[in-house]
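> This is a predicted model, with the sequence first.
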Amino acid sequence: MHSVVTKAMTKMLVMLLSLSVAACGFKPLYAVDQRGDKSGLRTVNLVSIDTSEEVEPFLQEAFGRRTVSEGEAATYDLFITAAERAERLAVQIDSTVTRYNYRLLGRYTLVNRKTGKTTKGRGTAVASFNVVSSQVSTLSAEKTAREKAARVLVEEIERDILVRLERAKSDT
């Protein structure tokens, strides 16, 4: 009986909290507007990614899912510079490395097409992979770590851009 009352009180508390948050004007970054469009980088045209050949396709793909495909419809242009680094994480007594941290560092510049105003920021993503006796498995693990780091970096940059744009909108 006690757990039923607790569950009911919890539901009531969640409903009251959601009403109070809605009343204060809070709008989630990933909300859907009146036209049914999702927030996000839909108004951004990805102009260039300056990074290594190995990671560029993963970044292109991750940004491609979030940005407009037609450059003319965009409100902003986005320029990305990314650098990658593999850091030794687990080293055995005989100096062989068994695990790496793959770190992807990205800097971006967002340019408003109408005003020319620029917004700069950066993001970091880390993914780990193991080094095993099979070279094919190690290369596959490294590729997977690159893919994951690229997705995480894009998500971090997107979140940073959305927060900055929302902050700028509320300042005006």
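Looks like it came in fine. Numbers count the residues shown, from 1 in each chain.
> Tell me who's in contact with the residue nearest the centre of the chain.
Residue closest to the mean C-alpha point of the chain, counted by C-alpha atoms, centre = their mean, is E155 at 0.9 Å. By C-beta atoms under 8 Å, 6 or more residues apart in numbering, the contact set of E155 is A62. Placement of C-beta: from N, CA and C, glycine included.
> check which helix or strand covers it.
helix 135-171 (DSSP states H and E).
> how about that helix: buried residues?
Applying a neighbour-count criterion of 16 or more other C-beta atoms under 10 Å, one finds 141-142, 145-154, 156-158, 160-161, 165 buried in helix 135-171.
> picking that back up, tell me the predicted confidence for the residue nearest to the centre of the chain.
On pLDDT, E155 comes in at 92.
> can you offset everything so residue one is 19?
From this message on, residue numbering opens at 19, which makes the last subject E173.
> Next SSE downstream of the lowest-mean-pLDDT helix or strand in the chain?
Using mean pLDDT, DSSP states H and E, helix 20-41 stands out as the lowest-scoring helix or strand of the chain, at a mean of 57. Next helix or strand after helix 20-41 toward the C-terminus (DSSP H and E): strand 62-68.
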